[in-house]
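>>> Compute the structure for the input listed below.
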Amino acid sequence: MRNENGFIFPTTMVIVLFCLLIVAHISTSLISEKHFYSETEQYYLLDNLMQLAVDQSLFEIKNRTAKLNEATVTNTINGSFTYVISEITSSVYEVQISCESPKNKQYTASFQYDLIKNEMIVWSEY
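Residues are numbered from 1 along each chain as shown. This is a model prediction of the structure:
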């Protein structure tokens, strides 16, 4: 027994290190996937808020009940949105919209609406 080389301990250490690397890789993948799902959820919430803001502002423009150059703030369960309607000409209105999710993600866009053509003529996101 005096001439033992100690083969088991280094082999065990290599196997443990290999297992730790696998666990680290799997945990990193799961964290990345969870972050992706959270960002995707926020994207769809903001997209929904933007659609609500556009619908509400178009409703006010078409009914001629829009408060010009005043910020209209609406709070929902999924966040809040603010829009400002301004008149460019007698038939063209510009709307600036800003949406914010509960996790403070923001989405901003603006569009111009022509009452004569009854369509959006310019849309820009930033």
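
>>> ranges for the helices of this protein?
In the chain, the segments counted as helices under DSSP state H are 8-62.

>>> Residue nearest the middle of it, spatially speaking?
Centroid-nearest residue in the chain, with C-alpha atoms, centre = their mean: residue 43, separated by 2.8 Å.

>>> now it: how far from residue 104?
According to C-beta to C-beta, to the nearest Å, residue 43 stands 14 Å off from residue 104. Bear in mind the C-beta positions are built from the backbone N, C-alpha and C, glycine included.

>>> Next: residue 17.
In terms of C-beta to C-beta, residue 17 sits 41 Å off from residue 104.

>>> Equivalent analysis for residue 90, please.
38 Å.

>>> Any regions of this structure where pLDDT drops low?
1-4 (pLDDT under 70).

>>> cutoff 90 now
Across the chain, residues meeting the criterion (pLDDT under 90) sit at 1-11, 63-68, 90-91, 118, 126.

>>> Now tell me what touches stretch 75-88 from outside.
Stretch 75-88 is contacted from outside by 45-46, 48-50, 52-53, 56-57, 60-61, 66-74, 93-102, 112, using C-beta atoms under 8 Å, 6 or more residues apart in numbering.

>>> In PyMOL, how would I select just the buried ones from those?
Remark: buried members of those, expressed as a PyMOL selection using 16 or more other C-beta atoms under 10 Å:
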select buried, resi 45+46+48+49+50+52+53+56+57+60+61+66+72+93+95+96+97+98+99+100+101+112
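
>>> ok, now how distant is residue 105 from residue 79?
8 Å.

>>> same question, residue 90
34 Å.

>>> neighbour count winner among those two?
Set residue 90 next to residue 79 and count neighbours by other C-beta atoms under 10 Å: residue 79 wins out with 22 against 8.

>>> The more buried one pairs with what?
For residue 79, the beta-bridge partners under DSSP bridges are residue 76.

>>> Report whether the expected contact of residue 114 with residue 91 is present.
Yes - Residue 114 is within contact range of residue 91, at 6.1 Å (criterion: C-beta atoms under 8 Å).

>>> Comparing these two, which shows the higher neighbour count?
residue 114 (15 against 11).

>>> need the contact list for that one.
91, 92, 120, 121.
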